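Engineer: okay, predicted coordinates and the sequence, questions at the end:
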Amino acid sequence: MPIVRVPVIRHRSIEIDGVRLFYRESVPRDAGTDAPTVLLLHGFPSSSHQYRRLMDALGNDYRLIAPDYPGFGHSDAPTSTNEGGAFTYSFDRLADLIEGFVDALKLARFVLYVFDFGAPVGFRLATRRPELVAGLVVQNGNAYHEGLSEAAQSFIALTPDTTDAGERIEQLLTLEMTRAQYEGGTSNPERIAPDGWTMDQHFLDLPERRQPQYDLFFDYKSNLARYAEWQDWLRREHPPTLIAWGRNDPFFTEPGARAFLRDVPEAELHLFETGHFALEEFLPEIAPLIADFVDRNW
C-alpha cells in the first residue's frame, strides 16, 4: 500500500499593532521555511478557511500562509470607531496589518495570491513593497472598472446616507446570500461542500462582526480610486502572473480577468465554468496550475 503523506498544517495567532491575527501555515515536508512561499489573502465573507483544501493539496511542497483579517474568521474583531471603539475598518488599515504580519513572520519573498477582498489588500501591499512579490496569482480579484458587474457597481455606490443601504447590506449578510456566493454560477453544485458557507455565516452572525462589514462595504469605493495605481504597478513591475477566474462570477466579471492582459500581456489566463469561489469547484484543476507557476517563477 502506498504511503499517503498528508501535510502538517499549523494554526497560530500573532499580535500585530494590538490586534490578534489568526493564521494557517503549511509545513513543507523537506525544505521547511526555505520552501517556496505563497501568501493567501481571503475574500468576503470568508477567512483562511477557504484555503483549507488548497493547503492540503500543496502543503507538502510549498509554505502556504493564510491569515484572517481583523473582523473575519478566528482573528480579533476590535470595536469599530463607528461604534465608539478605536479601530478603523478600512482597506488601508487591513493592508497595514497584513504588512505588519508579513514583517513579523520575516517573509522576504512570496507569491501573492489575491481573491475578492484580498485583491485590494494585496495590491496595496504590492505597491508599497514590490520587492516582496515573486509572482502574482489572481483568482476573481478585481483591479479594473470593466470587471465590476452592474450589481457590484450599484452596491459599491452605497453610502451611509443611502436610504436603503442598511437593508441591502443586511440582505447580503444572510445565510441565503452567503450560500449563493458559493453555489452561484457553478457547473456542478454537488462539488461545493457546505462547510464554507456554514463557517462564514457562523462568523457573520456574531454581534461584533456586523459593523466591520458595514464599514468595509462603505469603504470599498476607495479601491476604485486606486485602480490606476495598481495597474501602473503591474505595467512597471511586470510580475509573473497567473489568472484563474470563475467566469460566471456575478460580482467580478470575465472582462476584469482579461483586462490584466493589457498591463501584463504575458500573464497566464485560465477561465473556468464556475462562479465566485472557483477553488471550491475546480481545485483539482487549479492547484496543479499554481504548483507549476510557483515552480517556474520562484
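Structural biologist: Noted; the coordinates are in hand.
Engineer: all strands for the stretch 51-200 of the chain, in order.
Structural biologist: Secondary structure of the stretch 51-200 of the chain by DSSP state E, counting those that start in this stretch: the strands cover 63-67, 110-114, 133-138.
Engineer: tell me which strands the longest one pairs with, and in which orientation.
Structural biologist: Sheet pairing here is set by DSSP bridges, and for strand 133-138 it gives strand 110-114 (parallel), strand 241-246 (parallel).
Engineer: looking at those, which is closest to Pro284?
Structural biologist: strand 241-246 (12.4 Å; CB to CB). C-beta: built from backbone N, CA, C; applies to glycine.
Engineer: next secondary structure after the closest one?
Structural biologist: helix 254-263 (DSSP states H and E).
Engineer: so which bits of that following helix are buried?
Structural biologist: 254, 256-260, 263 (16 or more other CB atoms under 10 Å).
Engineer: next one: that helix to chain centre, how far?
Structural biologist: What separates the centre of helix 254-263 from the centre of its chain is 18 Å, taken as CA atoms, centre = their mean, to the nearest Å.
Engineer: sorry, back to before: would CSV of the strands of the stretch 51-200 of the chain with distance to Pro194 be doable?
Structural biologist: Conversion of the strands of the stretch 51-200 of the chain to CSV gives the following (distance: least, CB to CB, whole Å):
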stretch, distance to Pro194
strand 63-67, 20
strand 110-114, 24
strand 133-138, 26
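Engineer: could those be laid out in TSV, adding mean neighbour count?
Structural biologist: Shown next, in TSV, are these (neighbours: other CB atoms under 10 Å):
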stretch	mean neighbour count
strand 63-67	26
strand 110-114	25
strand 133-138	23
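Engineer: show me the one of those strands that comes nearest Met55.
Structural biologist: Taking CB to CB, strand 63-67 is the member of the strands of the stretch 51-200 of the chain nearest to Met55, at 4.9 Å.
Engineer: who touches Val121 in this structure?
Structural biologist: Residues counted as contacts of Val121 (CB atoms under 8 Å, 6 or more residues apart in numbering) are 41, 69, 91, 94-95, 98, 114.
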